[in-house]
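Undergrad: Fold the stuff below for me.
(one chain, ligands or ions: 1)
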Amino acid sequence: MWKNIEAAPADAILGLTEAFKSDSNTNKVNLGVGVYKDENGTTPVLSCIKKAENMLLEEQITKGYLPISGNAEYGAAVQELLFGSGSEVITSNRASTIHSPGGTGGLRVGADLVKKFKPTATLWVSSPTWANHKGIFTAAGFEINDYPYYDSTTKGVNFDGMIGALNSVPEGDVVLLHVCCHNPTGADLNDDQWDDIIESAKANKWLPFLDFAYQGFGDSVEQDRRAVEKFASAGIDFLVASSFSKNLALYNERVGALTVVSPTEKEAKVAMSHIKKIIRVNYSNPPAHGGLSAKIVLTDSALKELWLDELAQMRDRIKKMRKALVNGLIERNVDQDFSYIIDQRGMFSFSGLSDDAVNDLKENKSIYIVKGGRINVAGLTSRNIHYVCDSIADTLNN
Ligand code: LMR
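TA: Numbers count the residues shown, from 1 in each chain. All right, here's what the predicted structure looks like:
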């Protein structure tokens with residue numbers, strides 16, 4: 001069957017991890033995939049999760065199937081995190097949430113849902129965007145267009161370009177927006193800009209699809225969700241794919257969610273009925289362990305407090321490494337100004353390194369960076385930072 005079929009190219013991000021694993025250089029550093037590392041270079045299980053898992057093992061009396069949409073308390077906890085407790089969206093029951101296998105699963109279920117009822121809609125994504133966005137929506141059958149986002153001169157958002165493009169998105173199309181910690185650029189929108197975007201969605205009648213994978217990695221879980229709250233207050237239809245891969249470090253448990261917000265409870269119920277149909281023919285119902293562990297953390301006040309503290313530690317360490325990287329490059333007299341890396345938000349730094357430099361660092365220094373120059377700052381530690389700065393300086397100065 002495969003005799004005349006060519007092999008597919010490796011994944012732009014996860015393919016780097018495969019190459020990294022087979023690299024025998026003991027100095028190798030993986031700054032590709034967005035996975036948090038602590039100072040020892042490991043990706044720890046958070047203490048709040050360890051405790052929740054122990055509780056779960058004690059309490060659990062069955063491995064029976066979860067509902068198609070996942071555990072109901074998990075869904076409620078996700079909504080509280082997205083909208084804030086007591087939010088009108090929650091009290092009016094006009095949001096439907098399902099436990100998806102990671103944020104990717106949430107995006108794909110949402111993509112299938114929208115495709116089913118808007119078969120001719122085009123999806124609009126930021127330029128640039130997460131390497132997998134186009135793949136997910138293409139697989140669901142979407143045509144894809146870009147809207148301007150990053151300005152490589154100012155290293156910030158090209159908001160005039162962005163809003164101009166959004167104002168001409170045809171009615172009924174879908175626009176994918178990163179709520180915070182934009183992947184890959186780390187350049188985020190401010191409150192006024194979000195207001196303009198919501199006005200554009202209302203006036204031009206395009207459907208917002210929010211990708212919210214990094215809640216808590218910008219400023220705090222509350223600050224980072226401000227755009228979601230604004231969309232909720234606008235009373236329009238929108239979708240949110242969210243993830244606990246990063247903020248609860250549950251990467252391999254595949255714990256995410258898709259939330260569909262509608263103007264009325266009746267519509268939210270209709271949406272949920274169709275989401276369940278889509279899930280049933282894909283993976284039937286979600287795996288339990290990670291979602292139930294997350295639910296315990298989010299609903300137990302002591303564990304939630306512990307989580308927020310652990311999340312703050314991750315956030316602060318990343319900010320520290322941003323400064324260390326910039327200072328390390330200044331100390332090594334690199335010509336380029338990298339100070340903007342300090343202001344970028346979330347796990348990633350859109351480093352400005354050319355693809356040639358990225359390739360050189362991989363081939364000659366065993367430092368793995370995503371094509372386009374995205375560095376996972378959360379992969380830097382005080383142990384590898386000197387080697388990384390030496391190598392970047394070497395690459396740029398030669
Ligand atoms: C990333 O952007 O590195 C992460 O979201 C992991 C992934 O699945 O690509």
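Undergrad: Contacts only, for N364.
TA: By CB atoms under 8 Å, 6 or more residues apart in numbering, N364 lies in contact with T395. In this view, the C-beta of every residue, glycine as well, is placed from N, C-alpha and C.
Undergrad: For it, pull up the helix or strand it's in.
TA: Using DSSP states H and E, N364 sits within helix 355-365.
Undergrad: Which positions in that helix come out as buried?
TA: 357-358, 360-362, 365 (16 or more other CB atoms under 10 Å).
Undergrad: if I read this right, G328 contacts I385, doesn't it?
TA: Yes - counting by CB atoms under 8 Å, G328 touches I385, with 5.9 Å between them.
Undergrad: These two: which is more packed in?
TA: G328 (20 against 16; other CB atoms under 10 Å).
Undergrad: Next one, pLDDT for the more buried one please.
TA: For G328, the pLDDT comes out at 96.
Undergrad: Give me the distance between it and N40.
TA: 19 Å (CB to CB, to the nearest Å).
Undergrad: For L177, what are phi and psi?
TA: phi -130, psi 140 (degrees, to the nearest 10).
Undergrad: Tell me how many other residues crowd it.
TA: Residues near L177, counting by other CB under 10 Å: 26.
Undergrad: That one - nearest residue in space that isn't next to it in sequence?
TA: Distances taken as CB to CB, 6 or more residues apart in numbering place L210 nearest to L177, at 5.5 Å, with adjacent residues excluded.
Undergrad: Which residues are in contact with the residue of the chain found nearest the ligand?
TA: Proximity of the chain to the ligand (CB to the nearest ligand atom) peaks at G34, 3.2 Å away. The neighbours of G34, taking CB under 8 Å, 6+ apart as the test, are 13, 183, 246, 347-348, 376, 378.
Undergrad: can you list the residues of this protein near the ligand?
TA: 13, 33-34, 130, 132, 183 (CB under 6 Å from any ligand atom).
Undergrad: Arrange those in TSV, one row each, with secondary structure as further columns.
TA: As requested, the residues of the chain next to the ligand are exported to TSV (DSSP: H, G, I helix; E, B strand; the rest coil):
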residue	secondary structure
I13	coil
V33	coil
G34	coil
W130	coil
N132	coil
N183	coil
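Undergrad: Could you identify the buried members of those residues?
TA: 13, 33-34, 130, 132, 183.
Undergrad: What about L56, how many residues nearby?
TA: Neighbours around L56, by other CB under 10 Å: 16.
Undergrad: brain fart, P128
TA: P128 has 18 neighbours, counted by other CB under 10 Å.
Undergrad: pLDDT at it, what is it?
TA: With respect to pLDDT, P128 scores 96.
Undergrad: Could you pull up the residues touching it?
TA: P128 makes contacts with 149-150, 184-185, 372, as judged by CB under 8 Å, 6+ apart.
Undergrad: for T395, same thing?
TA: Here T395 is in contact with 353, 357, 360-361, 364-365 (CB under 8 Å, 6+ apart).
Undergrad: Flag every buried residue along the strand or helix carrying it.
TA: If you go by DSSP H and E, T395 is part of helix 385-397. In terms of neighbour count (16+ other CB under 10 Å), helix 385-397 has its buried residues at 385, 388-389, 391-393, 395-396.
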